[in-house]
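> predicted structure and sequence below. I'll ask about it afterward.
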Amino acid sequence: LEFTIRKPDDFHVHFRDGEMMRLVVPETERHFGRALVMPNVPAIEDGRQADDYRARILDSLTSPDGDFFPLMTIKLTHRTTPEMIGEASEVHGVVAAKLYPEGATTGSHDGIRDVEELRPVLAAMRDCRMVLCIHGEWPEAFVLEREERYLPAVEWIVKHFPGLRVVLEHITTAAAVKFVEDASVNVAATITAHHLVLSLDDVLGQGIRPHHFCYPVAKTYVDRSALVYAVAHGKCRRFFFGSDTAPHRRHDKESACGCAGIFSAPVALSVLAGVFFGDEDHHNTLKHRQAALERFTSINGAEFYGLPLNEGTVTLADEPWAVPQTYDRDGDGGGPATVVVPFRAGERLRWRVASS
Ligand code: DOR
Ligand code: ZN
């Protein structure tokens with residue numbers, strides 16, 4: 001049994017820099033046509049930095065002549081000006097800016113405290129047709145309520161800038177699903193692979209599982225079902241795939257204060273295939289499920305961003321494979337090796353990416 005779909009995009013990745021970047025970029029390049037690169041680590045705050053970072057990413061590709069295309073973002077801080085938005089929007093590959101609430105996650109210490117301060121910047125983004133990506137968590141709220149508590153800020157933005165395209169990143173709650181479904185055509189959301197299969201039980205329910213820990217944290221079974229329903233059966237075409245693949249070194253995750261982030265790039269499509277072609281789904285034919293997966297990974301996001309659909313295809317085959325325990329890279333110049341534990345490390349996954 002196998003399925004071929006149009007080549008997917010990943011609208012939310014963390015590529016980092018240096019050795020880590022050289023280790024992880026090929027895992028995204030392998031399966032995806034394009035990836036939207038987040039600007040938190042390293043901090044990318046203007047067009048020039050985005051351009052340099054993009055060049056370093058292109059340098060770490062294993063097939064520089066292939067057609068993998070990094071899409072770039074800049075991070076909004078209190079230093080961002082409308083002029084910086086205008087300049088960045090002219091840089092090849094830059095399509096979006098990312099709003100991190102101050103202190104919400106890794107690399108957000110200089111994030112935004114009050115979205116109303118962003119008025120001139122958001123107006124410039126609307127005028128340059130730049131997309132606003134939002135890490136929608138209210139950092140001071142109880143960890144399980146942070147996403148829902150941030151929705152009023154998103155509502156304020158959407159109300160005051162109806163012409164601005166807004167993406168709520170990595171949503172994890174039924175409330176966020178409903179928010180997007182009820183919103184205008186300019187409001188969309190990315191959903192990760194891991195949030196379609198994890199709940200908080202997988203993080204804390206049987207020992208503490210640092211490789212299942214990320215922000216926003218995986219929530220209840222009801223929330224997870226709402227996400228799965230939205231992508232597999234829902235009518236709204238404004239949900240699309242963003243893996244939020246976020247590698248950290250093994251010792252930074254397996255720690256008394258472990259970093260948030262799941263390195264999912266190597267397994268993301270296999271996990272998604274498990275969700276869409278899983279056995280529990282008695283309502284949809286295989287053809288329907290394949291079409292739903294393709295919309296989620298390869299069509300909805302490109303259409304929202306106004307990009308052409310990818311030309312190539314990927315084939316997912318029912319051929320179980322063992323996920324490596326770690327992805328490693330020897331340190332340059334004799335330095336320590338970079339070791340990253342992937343999502344589903346050591347497990348057997350049913351669906352393999354047979355060709356891409
Ligand atoms: O879990 C996360 N990791 N969430 C984020 O928002 C950032 C990311 C990272 O950069 O490690
Ligand atoms: Zn992220």
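Done, it's in. Ligands and ions are numbered 1, 2, ... in the order given.
> give me every residue that touches the closest residue to Val267 other than its chain neighbours.
Leaving aside its chain neighbours, Val267 sits nearest to Arg344 (4.9 Å; criterion: Cβ to Cβ, 6 or more residues apart in numbering). Every residue, glycine included, has its C-beta placed from N, CA and C. Applying Cβ atoms under 8 Å, 6 or more residues apart in numbering to Arg344 gives the contacts Val267, Ser270, Val271, Val323.
> over to Trp138?
Pro101, Ala104, Glu145, Arg146, Arg149, Tyr150, Ala153.
> same thing with Gly306?
Arg129.
> what of Pro342?
Pro342 neighbours (Cβ under 8 Å, 6+ apart): Phe263, Ser264, Ala265, Pro266, Val267, Val323, Pro324, Thr326, Tyr327.
> which of these fall within strands?
Tyr327 (DSSP state E).
> what's the PyMOL syntax to select whichever of the contacts of Pro342 are buried?
Listed next is the PyMOL selection for buried residues among these, using 16 or more other Cβ atoms under 10 Å:
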select buried, resi 263+264+265+266+267+323+327
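> in a markdown table, list the contacts of Pro342 along with pLDDT.
Formatted as a markdown table, these follow (pLDDT from 0 to 100):
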| residue | pLDDT |
| --- | --- |
| Phe263 | 99 |
| Ser264 | 99 |
| Ala265 | 98 |
| Pro266 | 98 |
| Val267 | 98 |
| Val323 | 98 |
| Pro324 | 98 |
| Thr326 | 98 |
| Tyr327 | 98 |
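> from the contacts of Pro342, which is closest to ligand 1?
Phe263 (9.4 Å; Cβ to the nearest ligand atom).
> now do the same for the nearest residue to that closest one once chain neighbours are set aside: helix, strand or coil?
What sits nearest to Phe263 in space, not counting adjacent residues and going by Cβ to Cβ, 6+ apart, is Pro247, at 4.1 Å. With DSSP: H, G, I helix; E, B strand; the rest coil as the basis, Pro247 sits in coil.
> Pro247 touches Arg22, doesn't it?
No: taking contacts as Cβ atoms under 8 Å, Pro247 lies outside contact range of Arg22: 11.5 Å.
> so for the two, which sits in the more crowded spot?
Between Pro247 and Arg22, counting by other Cβ atoms under 10 Å, Pro247 is the more crowded of the two (28 against 20).
> ligand 1 versus the more buried one, what's the distance?
8 Å (Cβ to the nearest ligand atom, to the nearest Å).
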